[in-house]
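Asker: Kindly return the folded structure for what I paste below:
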Amino acid sequence: MNFIEITQDGAGIVKNNDSSIDGIITDSVDTCWIYVFYGTKSFAIIHDTGQLKISEICDIAKKCGEIVSVFYAVNPKESEAAHKKLQFTAHEERRKQIKNFLKLGIFTKIEIPTGSICCMKNETILVDNEYAKRGNINNIPNRKIRESINDLNNLFSPANSQSLNVDFQFDGEKYTALPKLLNTREVMTDVATLKSRLGDNDYFDFLRKAESLGVFNLT
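Answerer: Alright, predicted model coming up:
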C-alpha cells in the first residue's frame, strides 16, 4: 500500500480510480480538527487549525463529487484545559457552518488520542499509527520548511480571523509547490518585538526556527 501525507493547514485529495495511492495521512493533531470527505469522484482530508477559510474547505469537498460520507477527527485531549475548550467550541461552530454550506447530513466523529489519522480509499479510517504497518508512506517534500511557512502565516495572521487559504498540498496528481509567506520578514520581526515586550516570545521562536531552516532564503 502507498500513502501520501499532509500537514497542518493543508489538504490533499486522491481520485477514487487512482490505483497508485491507498490513503492520506496527517499527524501531530492537538487542537486542530481533521475533516475527511468521501465522494463519488475522490476523497480528501483537510487539517484545519481553525484559521482556514470555510469557503475553501467546502470548495475542496466539492471536488470529491457527490459527497457519500464525512468524518471529523478530534484529539480528546483538547478538551482537558479551559483554553482548549474554547477552541473546541469554535471548531464545533465551524463544523456546523461547513455542514450547512454543503447541505450535508451526519458528520461521523472519530477520536484520535495519538494525534494521527489515515483515511483509506475504501472509507476505512486508521488511527494510532496503524497505517505504518500496512505500507509505504510517501513523505511530503520539504516538510519542515512547509510547516514553518504555514506556522508563520498562521501565527502572524489576526487571531481568529479564519482568513488563511488552504495549503492544497496534494492536488490529486502531485505534491504542490511550497506556499508563500503572507508577511515580510521585517513586518513579522516588528510584531514579534512588540509581542516580546508583552512577555510572549513564541513569535521570535518561530522566526528563529524559520531562519534556521532557510525559509527566508527561498526565492
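Asker: Leaving out sequence neighbours, find the closest residue to Pro76.
Answerer: The shortest distance from Pro76 to any non-neighbouring residue, by C-beta to C-beta, 6 or more residues apart in numbering, is to Glu111 (4.9 Å). For the C-beta atoms, the positions are set from N, CA and C on the backbone; glycine is no exception.
Asker: Check what pLDDT the one you found gets.
Answerer: pLDDT, Glu111: 93.
Asker: Cys64 now?
Answerer: On the pLDDT scale, Cys64 gets 98.
Asker: quick one: stretch 166-179 to chain centroid distance?
Answerer: A distance of 12 Å separates the centroid of the chain from that of stretch 166-179, by C-alpha atoms, centre = their mean, to the nearest Å.
Asker: one step back: correct me, but the residue nearest to Pro76 touches Ala73?
Answerer: Yes - Glu111 lies in contact with Ala73 (C-beta atoms under 8 Å); the separation is 7.3 Å.
Asker: quick revisit: in the sheet, who's paired with the residue nearest to Pro76?
Answerer: Val74 (DSSP bridges).
Asker: what about the residue positioned nearest the centre of the chain, which SS state?
Answerer: The centroid of the chain falls nearest to His47 when counting by C-alpha atoms, centre = their mean (2.1 Å). Counting by DSSP: H, G, I helix; E, B strand; the rest coil, the backbone at His47 sits in strand.
Asker: if you skip the residues just before and after it, what's nearest to it?
Answerer: His47's closest residue in space is Thr26 (C-beta to C-beta, 6+ apart), at 4.8 Å.
Asker: Show me what the one you found bridges to in the sheet.
Answerer: Ile117.
Asker: Quick check: it touching Thr49?
Answerer: No - applying C-beta under 8 Å, one finds Thr26 not in contact with Thr49, separated by 11.8 Å.
Asker: Quickly list what's touching both of those two.
Answerer: Residues touching both Thr26 and Thr49 (C-beta atoms under 8 Å, 6 or more residues apart in numbering) are Gln8.
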